[in-house]
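Student: give me a model of this one.
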Amino acid sequence: MKKYLLVGILFISIGIGLSLLLDSFLRITIFDLYRWSTNDKIVFLGKGFHLFPSPTFILSFTFSIMLLGFAIINQKLGRIAMNCILYLSIFSIALISISALDANRLVVSCTACQDGIRRINHNSINYGVILGISSFLASIPSIVNLIKRVKN
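Tutor: Numbers count the residues shown, from 1 in each chain. Take a look at the predicted model:
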């Protein structure tokens, strides 16, 4: 029991640290995905200033990293690497898909666009929710792995 508590605290700390480090990078990546997926039909206005990372992203990312940590505890190195690669792959695919779908939804719903170009503010994209949903989807294999382990 003490081992799981220590592992939980360790992976919560890793999750918080990674979410704070990756916040700006992922925010810029989402902005780029919005532009690229619509073939530059979205233009961002103003400055993209944010002081603090999104609490939604911090909580969801930390929780998913903690679940990943519990799923890989007592596993062999090859299985740990496979679970981590699966997590990163699902996170990336979910991030790209959600960003592309939302960006195209914004362009299609625009009725007063000039030359088909949608102008939006940097803060009008709720990037915390996008990253939170991506983190949740990436943690589904870990949840399934934990449920299988509990049943056995």
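Student: measure stretch 119-138 end to end?
Tutor: One end of stretch 119-138 sits 31 Å from the other (CA to CA, to the nearest Å).
Student: would you mark the buried spots in that stretch?
Tutor: Of the residues in stretch 119-138, 120, 125, 127-128, 130-138 count as buried by neighbour count, 16 or more other CB atoms under 10 Å. C-betas here are computed from N, CA, C, even on glycine.
Student: ok, stretch 12-22 next?
Tutor: The neighbour-count check on stretch 12-22 (16+ other CB under 10 Å) flags 15, 19 as buried.
Student: circling back to that earlier point, show me which of the buried residues of stretch 119-138 is closest to residue 12.
Tutor: residue 135 (13.9 Å; CB to CB).
Student: mean confidence score for the strand or helix carrying the closest one?
Tutor: Assigned by DSSP states H and E, residue 135 falls within helix 127-138. Helix 127-138 carries an average pLDDT of 93.
Student: is it true that residue 12 touches residue 68?
Tutor: No - using CB atoms under 8 Å, residue 12 makes no contact with residue 68, being 11.6 Å away.
Student: next, residue 112: secondary structure please.
Tutor: Recorded secondary structure, residue 112: coil (DSSP: H, G, I helix; E, B strand; the rest coil).
Student: and for residue 44?
Tutor: Criterion first, three-state DSSP; result for residue 44: strand.
Student: who's in contact with the closest residue to it other than its chain neighbours?
Tutor: Nearest residue to residue 44 in three dimensions, chain neighbours excluded: residue 122, at 5.2 Å (CB to CB, 6 or more residues apart in numbering). Taking CB atoms under 8 Å, 6 or more residues apart in numbering as the criterion, residue 122 is in contact with 31, 44-49.
Student: now residue 122: how far from residue 28?
Tutor: Counting by CB to CB, to the nearest Å, the gap from residue 122 to residue 28 is 10 Å.
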